[in-house]
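# From the sequence below, what's the structure:
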Amino acid sequence: MEHRRDKARHPDAPRSGNGASYQHKRDRDAEGCASKRFRPGGQTFCSVPQSLSIRRQLYERDFPVYKQPVEVGFFSLDSERNFFSDSRQLRYYSDPGKSPKLNLRDGHHDRFIKRDESVKERLDHLLRWILENRVKLHSRNAATSSACTLGVDFVTWRGHLTKLLTTPYETQEGWLLAVSRFGGTLYISEVETEAARVNRENRTERHEEMMYWGYKFEQYVCADDVHSVPDGRGVVNTNEAFCTVVQTRLADHKLLFSGEVDCRDKDPKSPPAPACYVELKTSAEICTPKQRSNFHRYKLLKWWAQSFLPGVPRIVAGFRDQDGVVVSVETFHISKISQLIKNEYNCWKPTVCMNFCSDFLSFVKSVVKEDDPRLVYLFAWEPHRDVTFSVHKDSEYTFLPDWYIKEMASHRTAETRQ
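Residues are numbered from 1 along each chain as shown. Okay, the predicted model is just below:
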């Protein structure tokens, strides 16, 4: 039986945990507090806050400190999703020109291998990278904190942080984020909501094809090396990926996260990663002022958040017609996006996004105290609701694999003996 944290239940949260009943003494003590909501800005009314508000005005403060992200490593996933601690899947951007007339529908039915989205990889690939690089990570962060084995507060995927940044402005899709503390570090892994599962399993043929278009655009503008040119006649295989691993700090939260990178600049004089990386996007062509306004208000928010986090400086977007033909290409510099949206009425604000993310991480720190990889705190949110959580011991939500726990534990044991 799960311990109820609030009266309003997230619709996708389980009605009963599969694991043991679990209620901390500090949770019982907190029930007598005058208020159970986390106060944005880091202060709380009581020792264990029970919820976090997403009201935008609470986060309209000064922009929080966000250190320039530093790439500490990378890895590749091949056509069968096998992990390699190298850059074999890194591709190089090749400018297609302003009006390239690229047919994004080509190859959808006969040259397309799609990754099985029902297979939930959780943090596994990132954890494999950590195991192979833990000595380097430990030495890099040795001067910061001995309380954390890795020297960072949080480990997660860039996509999970992107969802947090956009939460104050999201009106359609909720999320579930599982959190466990292990070795002093908090690991965050997304859990698919029931609504997301239903949507994934019931996509229309048109929706599936339009998802393919984004991958096809990448194939048209990416070369395998600096001396080759893109080959639009090949197979599009969405199992393949190149991922950067970056370290940074948001306010007082030390972050280690990974995200997929589409390609890098071919210019040998380009700055070191991640500043040499390029994000690729496709979008419907903009024909009216209303369409441009909607593009600024909704799509640019997610584009900005996704690239700002890892320090990717520019997005190259292919604008396509209804038949899936790219009719124009435009470059968006991340540092200039805030200027693009400033004239939009009641538009999103980067400071609100970053302050909410920072306060959510503070909320997690204040809640997840026990160091136990089998204990999962499931944070849940739906549009127009507060963020709440439930606690699960030895349940279906446990996501840190045994091979990772054992390897990290043996490494810590070996260190204490030295």
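
# Do you know the pLDDT at the spatially most central residue of the chain?
In the chain, the centroid-proximal residue (C-alpha atoms, centre = their mean) is Gly159; its distance is 1.5 Å. If you check Gly159, the pLDDT there is 98.

# and it, which of the three is it?
The local conformation at Gly159, judged by DSSP: H, G, I helix; E, B strand; the rest coil, is helix.

# start at 20 instead
That works, and once the first residue is 20, the last one we named lands at Gly178.

# for the residue lying closest to it once chain neighbours are set aside, what are its contacts?
With C-beta to C-beta, 6 or more residues apart in numbering as the criterion, Gly178 has its nearest non-adjacent residue at 6.7 Å, and that residue is Gly278. Glycine gets a C-beta too; all of them are placed from N, C-alpha and C. Taking C-beta atoms under 8 Å, 6 or more residues apart in numbering, we find Gly278 in contact with Trp176, Arg177, Gly178, Cys262, Thr263, Val265, Gln325, Leu328, Pro329.

# out of these, who's nearest Asn374?
Taking C-beta to C-beta as the measure, Asn374 lies nearest Leu328 of the contacts of Gly278, at 14.4 Å.

# There's contact between the closest one and Trp176 in this structure, I believe.
No - with contact defined as C-beta atoms under 8 Å, Leu328 does not reach Trp176; the gap is 10.4 Å.

# Have a look at the two and say which one is more surrounded.
Leu328 (25 against 21; other C-beta atoms under 10 Å).

# For Leu328 and Trp176, list the residues in contact with both.
In contact with both Leu328 and Trp176: Phe276, Gly278, using C-beta under 8 Å, 6+ apart.

# Please tell me I have it right and the residue nearest to the centre of the chain contacts Glu209.
Yes - with contact defined as C-beta under 8 Å, Gly178 counts as touching Glu209 (7.5 Å).

# Put the alpha carbons of stretch 110-130 into CSV.
Provided in CSV are the C-alpha atoms of stretch 110-130 (Å, rounded to 0.1, in the frame of the first residue of the first chain):
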residue,chain,number,x,y,z
ARG,A,110,27.8,13.0,-38.0
TYR,A,111,28.8,16.3,-39.7
TYR,A,112,26.5,19.1,-40.8
SER,A,113,26.4,19.9,-44.5
ASP,A,114,24.5,23.1,-45.5
PRO,A,115,21.7,22.2,-48.0
GLY,A,116,21.1,25.8,-49.0
LYS,A,117,18.2,28.1,-48.4
SER,A,118,15.7,26.4,-50.7
PRO,A,119,16.7,22.8,-51.0
LYS,A,120,13.4,21.1,-52.1
LEU,A,121,14.1,18.0,-50.0
ASN,A,122,11.4,15.2,-50.2
LEU,A,123,11.0,14.0,-46.6
ARG,A,124,8.6,11.2,-47.6
ASP,A,125,11.2,9.4,-49.6
GLY,A,126,12.1,6.0,-48.1
HIS,A,127,9.4,5.9,-45.4
HIS,A,128,7.9,2.6,-46.7
ASP,A,129,11.0,0.8,-47.9
ARG,A,130,14.1,2.3,-46.2
